[in-house]
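Novice: below are the sequence and a predicted model; questions follow.
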Amino acid sequence: MNTPIRRLSIFAFLLILILMGNVTWLQGFQAEAIRDDPLNTRQYSERLSEARGPIQIAGENVAYSEDISGEDGQPRYQRMYEGGPLYTPIVGSFRAYGASGIERTENALLNGTDDRLAVRNFRDIITGREPEGAQVQLTLNPEVQQAAYEGFEQLNGKNGAAVALDPETGAILGAVSYPSYDANDVVSIDDIEAATQNYTELENNPDKPLLNRALHEYYPPGSTFKVVTAAAAIEYLGATPETTQEAPDVMDLGGELPNATPGQTCNGGEPDTLAHSIQISCNTSMANWALDIGGENLSEQATAFGFNREEGDLNVPIPVLPSNAPVETDRNILARAGIGQSNVQATPLQMAMVAAGVANGGEVMKPYSVDTVRDSDLSVITQTSPETYSQAVSASTAQDLKEMMTLVTQPGGSGPNAAIPGMEVAGKTGTAETGPDSPTHNWFIGFAPADDPQIAVAVVVEFGDVSGGELAAPIGREMMEAVVLE
Amino acid sequence: MSKAPAPEAPTELPPVKRRNAELVLIIFAIAITMAGIAIAGLNISGEIPSAMWTVGLTFAAMAAAAHVAMRFVAPYADPLILPCTLFLNGIGVAMIWRVSAGEAENAESAGAGSQLMWTAIGLAVCFLIIIFLKDPRVLQRYTYISGLVAIFLLALPIIPGLGQEVYGARLWINIPGLGTMQPSEFAKIALVIFLASYLMNKRQVLQIVGKPIKVGRFTLIELPRARDLAPILVGWVLAIGILVLLRDLGTSLLLFGTFLAMLYVATQRSSWVTIGLAMFAVGAFTAYLLFWHVKARVNIWFNAFDQEVYYAVGGSQQLVEGLVGMAYGGLFGTGLGAGELYSTFAADSDLILATLGEELGLTGLLAVLMVLGLLVERGMRVALAVTGSFNKLLASGVAFLLAYQVFIVLGGLTRVIPLTGSTTPFMAAGGSALVASWIMMGILLRISDNARRPAPQAIQDEGATQVIRR
């Protein structure tokens, strides 16, 4: 009976060895990933006793830890936020049971546990200094942010989002989601109960103030997507702004597709030029262009602008919801995709990237919101350098698109409300159907100045139910003016 | 070959007792226990707690008494088993004291008294077995009685009014005036005794070669006769019954695995193991399809870090808390008393190994696993050294049970297998488990002492001449 006992004892030791191997894997190699998992509730509550680094916008603290240590000497820090609801979509909040926004993505830097801070931490231990988290400096421009937020406030209860990018670098100059919330309401460590209750109320609010619409919600982009369709027409079919396309007053696409232009016509039913179709936002000619371009090419052009990416492909460093423009094979659906309807879904950030790509000679820069991370003694730990995200179109195509988009904000175009006196502004309006008998979403994308773009914007007003030129274009103009009128 | 193989060691030499080595190792175990309490106290309240002396010396006295008793009642027993066991028990006491001190936030009011009391009871029972169970083979007389006792103990918690459902599993019974106990801890010992004697009687029958199923010239598997399948069928019904009725995956896995291991040792036929595993897989999969609590366990196993699974009632929160704790421990641990155990549920019982991983790190956990592995292999050595099928089956069964139980607990915590509510031998807080573990050691030590004790010398050697001289 000794043979099977020997084998059993080997098997028993194998069981122990498996445990040893697995524990080594877990504690030796996976430890950091587990610590960073959002389900690790410790990372938030444990840091109440440590000074967390500030988040800064334009040199001012917008999030910082205030020392509220009591008489007993127990260190306690309360997280404080500036600007009310203005910056919350990006900055986020740092609560006892979770965090969002930059507070979450840059947590390791802010609380000082990041590996890049290891040398400094070691030095602090030696010198006996109280360890502090790093400073995170954001790219946001307070004036752009303010202009967009106030624009939404004046709409009396309409929700929406706006994004502004520096086309040359990809730096996010503004990211507004409306409605938002004041992070101070949900982070109190003295009155956790009230903080939790406030958070629950926000969670249950039908207007979803916790949702960052700028990065985490998509909408049918409507006519703003015609910029992508026009790009594909030039790139794949060799079209020019003067090339004409059939533009009937009504098209049969398994349901009627009318024109939303003045007089319900583009060129009196005659073929219309690409430039004019963009200027007045002609539906039927752009639908016909989509049919000529074909589903595969149209989808590929959208991908070049940043659509159709994997989840997690784009982090700014907040993860961005990928936008979709799938390959369509059905004629009716493809034609509607060409005007940004059917299965096309885009985040406001994605549409800002389309505008920024055109503005930057066809090169889409990778969006980012963290500019510099500094040590507590202000030495630079990381500095984001601009990166190319994709080459969406050639420089000459971008030039054509820019010229056509400039027509939009001029008299006779669909978006004169975005015009800024003394300079040319490129733009594109959009009024997206959301379903039968449902109010439309109103869009504007654009950039200024057209000849030397400094800012590209995308604005969406949910269920605005008028035209994009009417509701969204003024907000876009206010944002652009905050940069170009200085 | 020019040289003849070395001759067998002459049997006349008395076996090495090595009780002094045992003493040195026990002193180590005591020192580690006391140091553990001291470090935990320093980390929690900044001073060496009085418990280092009260708890530490009580434990030391018990360990010393055990060692002295060994010299008298089982001088030839394996010298490593007792120190290993005391080491694990001592670390457990230190951890339990530390968890209690952390909860009280005051090192002085913390207590590991109940665990110490159960250690004393466990040691007493262990030595009662060593003293009075002179020859474990007498247990063979009670083959079916021990089988019935095992089933009775397992079934106790189902009885309404007596059984208690704790965190979804019916494992506990409440004896008014005496507190709660977990009868399944003792059931597994009764089951090992039953299996050892049953298999010793039936092994010839079970060994009979059945129908070989061949592919070409290779025998794939030898199927036993249908009527010999009865015992494995009963074992299987029991295992699945525990899974479904008691909702206790841990005990189910533990008992059926031990059953298969002992069946293999008795018959040396791997076909039994194959058949058994296949049956268990089919049964468990069916249970997975039919019962939500089995499904929930498996879901937690695979998707522990899923938001929905985490926040579900009875979800993966406990598992994640344990893993997070171990992640914070890293390679060297936070140090005893410096971890954040308040964020781990059941830190001193079901999750004590996660707690250990957090505060003593990978290093400490590997050390404890090494000692556990050593203890298991010493048990297996006892099984190899002893003569007689029953003794061999009993010793290897007990040793395997120990290893397998550790695998189920830590494997569950680290997601090798689904998390179950099993206890870590010798370490986890809880009287039933501790006493049951000491009973197993009592059996092992007794068998070991019998195996290594020199045979009594024959009377003819010297006695005869003396009689004449008188």
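Specialist: Noted; the coordinates are in hand.

Novice: residue 355 - how many residues pack around it?
Specialist: Just so you know, I chose chain A. 31 (other C-beta atoms under 10 Å in any protein chain shown). Heads up, the C-betas are built off the backbone N, CA and C, glycines and all.

Novice: try again with chain B
Specialist: Neighbours of residue B:355 using other C-beta under 10 Å come to 26.

Novice: pretty sure it contacts residue B:328?
Specialist: No. Using C-beta atoms under 8 Å, residue B:355 is not in contact with residue B:328; the gap is 11.1 Å.

Novice: identify the contacts common to those two.
Specialist: Shared contacts of residue B:355 and residue B:328 (C-beta atoms under 8 Å, 6 or more residues apart in numbering or on different chains): residue B:339.

Novice: quick one: name the residues of the stretch 251-400 of chain A near chain B.
Specialist: Contact residues (C-beta under 8 Å from any C-beta of the partner chain) of the stretch 251-400 of chain A with chain B: there are none.

Novice: need the helices for the stretch 251-400 of chain A, in chain order.
Specialist: Taking DSSP state H, counting those that start in this stretch, the helices of the stretch 251-400 of chain A run over residues A:274-280, A:283-293, A:295-305, A:331-337, A:348-359, A:395-408.

Novice: what does the stretch 101-250 of chain A give?
Specialist: Counting by DSSP H, counting those that start in this stretch, the helices of the stretch 101-250 of chain A are A:101-105, A:107-111, A:118-127, A:142-153, A:192-204, A:213-216, A:226-237.

Novice: helix or strand: which one has residue B:188?
Specialist: When elements are assigned from DSSP states H and E, residue B:188 belongs to helix B:184-207.

Novice: which residues are in contact with the residue lying closest to residue A:412 once chain neighbours are set aside?
Specialist: Once flanking residues are discounted, residue A:412 sits nearest to residue A:279: 6.7 Å by C-beta to C-beta, 6 or more residues apart in numbering or on different chains. The contact partners of residue A:279, by C-beta under 8 Å, 6+ apart, come to A:404, A:407, A:408, A:410, A:412, A:413, A:414.

Novice: and residue A:279, how close does it get to chain B?
Specialist: Applying C-beta to the nearest C-beta, to the nearest Å, the value for residue A:279 to chain B is 47 Å.

Novice: also residue A:428?
Specialist: In this structure, residue A:428 and chain B are 38 Å apart, going by C-beta to the nearest C-beta.

Novice: can you check residue A:141 too?
Specialist: 34 Å.

Novice: next up, the contacts around that residue.
Specialist: Neighbours of residue A:141 in contact, by C-beta under 8 Å, 6+ apart: A:58, A:164, A:173, A:174, A:482, A:483.

Novice: please indicate which of those residues are buried?
Specialist: A:164, A:173, A:174, A:482, A:483 (16 or more other C-beta atoms under 10 Å in any protein chain shown).

Novice: now the fourth one: closest residue in space, sequence neighbours ignored.
Specialist: Closest residue to residue A:482 in three dimensions, ignoring its sequence neighbours and counting by C-beta to C-beta, 6+ apart: residue A:143, at 3.9 Å.

Novice: which residues are contacting the host helix or strand of residue B:355?
Specialist: Per DSSP H and E: residue B:355 is located in helix B:352-359. Helix B:352-359 has contacts (C-beta under 8 Å, 6+ apart) with A:23, A:27, B:91-92, B:95-96, B:98-99, B:321-323, B:325-326, B:328-329, B:333-341, B:344, B:347-348, B:364-365, B:368, B:409-410, B:413, B:424, B:427-429.

Novice: pull out the buried residues from the helix or strand just after that helix.
Specialist: Sequence-wise, the next helix or strand downstream of helix B:352-359 (DSSP H and E) is helix B:361-385. Residues B:361-362, B:364-369, B:371-383, B:385 are the ones in helix B:361-385 that count as buried (16+ other C-beta under 10 Å).

Novice: max pairwise distance over the contacts of residue A:279: which two?
Specialist: Using C-beta to C-beta, the pair of the contacts of residue A:279 lying farthest apart is A:404 and A:412, separated by 12.9 Å.

Novice: neighbour count: the two, which is higher?
Specialist: When residue A:404 is set against residue A:412 and neighbours are counted by other C-beta under 10 Å, the residue ahead is residue A:404, at 25 against 11.

Novice: the more buried one contacts residue A:242, doesn't it?
Specialist: No. Residue A:404 is beyond contact range of residue A:242, at 10.5 Å (criterion: C-beta under 8 Å).

Novice: overlap in contacts of these two?
Specialist: Both residue A:404 and residue A:242 are contacted by A:274, A:275, under the criterion C-beta under 8 Å, 6+ apart.

Novice: and stretch A:446-454, end to end?
Specialist: In stretch A:446-454, first residue to last residue: 11 Å (C-alpha to C-alpha, to the nearest Å).

Novice: which outside residues touch that stretch?
Specialist: A:166-168, A:355-356, A:358-360, A:402, A:405-406, A:408-409, A:415, A:418, A:420, A:423-428, A:455-457, A:473, A:476, A:480, A:483-484.

Novice: in ChimeraX, select just the buried ones from those residues.
Specialist: Here is the ChimeraX command that selects the buried residues among the contacts of stretch A:446-454 (16+ other C-beta under 10 Å):
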select /A:166,167,168,355,356,358,359,360,402,405,406,408,409,415,418,420,424,425,426,427,428,455,456,457,473,476,480,483,484
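
Novice: what mean pLDDT does stretch A:103-118 have?
Specialist: Averaged over stretch A:103-118, pLDDT sits at 83.

Novice: ignore the last one, stretch A:60-69
Specialist: For stretch A:60-69, mean pLDDT rounds to 87.

Novice: SS state for residue A:434?
Specialist: Here residue A:434 is coil, with the state taken from DSSP: H, G, I helix; E, B strand; the rest coil.

Novice: which residue is the nearest non-sequential neighbour of whatever residue of the stretch 201-350 of chain A ends up closest to chain B?
Specialist: Residue of the stretch 201-350 of chain A nearest chain B, by C-beta to the nearest C-beta: residue A:203 (12.9 Å). The shortest distance from residue A:203 to any non-neighbouring residue, by C-beta to C-beta, 6+ apart, is to residue A:210 (6.3 Å).

Novice: the longest helix in the chain is where?
Specialist: Assuming you mean chain A. As assigned by DSSP state H, the longest helix anywhere in chain A is helix A:2-24.

Novice: can you look at chain B instead?
Specialist: helix B:19-45.

Novice: now that one: mean pLDDT?
Specialist: Mean per-residue pLDDT for helix B:19-45: 92.

Novice: and for the residue of the stretch 201-350 of chain A closest to chain B, the neighbour number?
Specialist: Count around residue A:203 with other C-beta under 10 Å applied: 10.

Novice: tell me the pLDDT at it?
Specialist: Value for residue A:203, per-residue pLDDT: 89.

Novice: just checking, it touches residue A:197?
Specialist: No. Taking contacts as C-beta under 8 Å, residue A:203 lies outside contact range of residue A:197: 10.6 Å.
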